[in-house]
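Asker: Any chance you could fold what I've pasted below:
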Amino acid sequence: MLRIHKGTLHYIEEHLKFMWKLLNYLFKKGVGINIVNKGLYSALDQATTFYPNKQNADLLRKHSGKTGEELEAAGN
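Answerer: Presented below is the predicted three-dimensional model:
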């Protein structure tokens with residue numbers, strides 16, 4: 001059985017709240033979100049696959065966020 005300490009869950013919750021605030025700030029500043037890293041993963045890939053968070057993923061989609069696969073198919 002996996003045991004997670006209460007402090008760990010608190011840290012994860014705080015991290016997700018910070019990411020939400022950071023994403024909103026970046027959108028207000030007009031920062032492009034459809035940038036991929038060396039592995040061809042975008043911010044949306046991070047929000048849906050590696051660090052699943054529906055709230056952040058929905059926010060990225062709302063602001064035209066695309067997965068690395070979608071960007072590659074579109075030729076970006």
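
Asker: could you pull out the helices for the protein?
Answerer: All helices of the chain, identified by DSSP state H, fall at 6-28, 43-45, 54-62, 68-74.

Asker: Those: which one's closest to N34?
Answerer: The closest approach between N34 and any of the helices of the chain, judged by CB to CB, belongs to helix 68-74 at 5.8 Å. To be clear about C-beta, it is placed using only N, CA and C from the backbone, and glycine gets the same treatment.

Asker: Out of the helices of the chain, which one sits most buried?
Answerer: helix 43-45 (a mean of 24; mean count of other CB atoms under 10 Å).

Asker: same question for that one, mean pLDDT?
Answerer: Helix 43-45 shows a mean pLDDT of 87.

Asker: contacting residues around it?
Answerer: 23, 33-35, 57, 60-61, 65-68 (CB atoms under 8 Å, 6 or more residues apart in numbering).

Asker: For that helix, what is the distance to the chain centroid?
Answerer: 5 Å (CA atoms, centre = their mean, to the nearest Å).

Asker: With stretch 65-75 instead?
Answerer: 15 Å.

Asker: Quickly note the distance from the spatially most central residue of the chain to G75.
Answerer: Among the residues of the chain, the one closest to the centroid is A47, at 3.2 Å (CA atoms, centre = their mean). Distance, A47 to G75, using CB to CB, to the nearest Å: 23 Å.

Asker: With K28 instead?
Answerer: On the measure of CB to CB, K28 and G75 end up 28 Å apart.

Asker: in terms of contact, does the residue nearest to the centre of the chain touch R61 like I think?
Answerer: No - A47 is beyond contact range of R61, at 9.1 Å (criterion: CB atoms under 8 Å).

Asker: Just name the closest of the contacts of helix 43-45 to H15, please.
Answerer: H15 has its nearest neighbour among the contacts of helix 43-45 in L23, at 12.6 Å by CB to CB.

Asker: contacting residues for the closest residue to the closest one other than its chain neighbours?
Answerer: Distance criterion CB to CB, 6 or more residues apart in numbering; nearest residue to L23, sequence neighbours excluded, is L59 at 5.5 Å. Residues in contact with L59 (CB under 8 Å, 6+ apart) are 20, 23-24, 27, 65.
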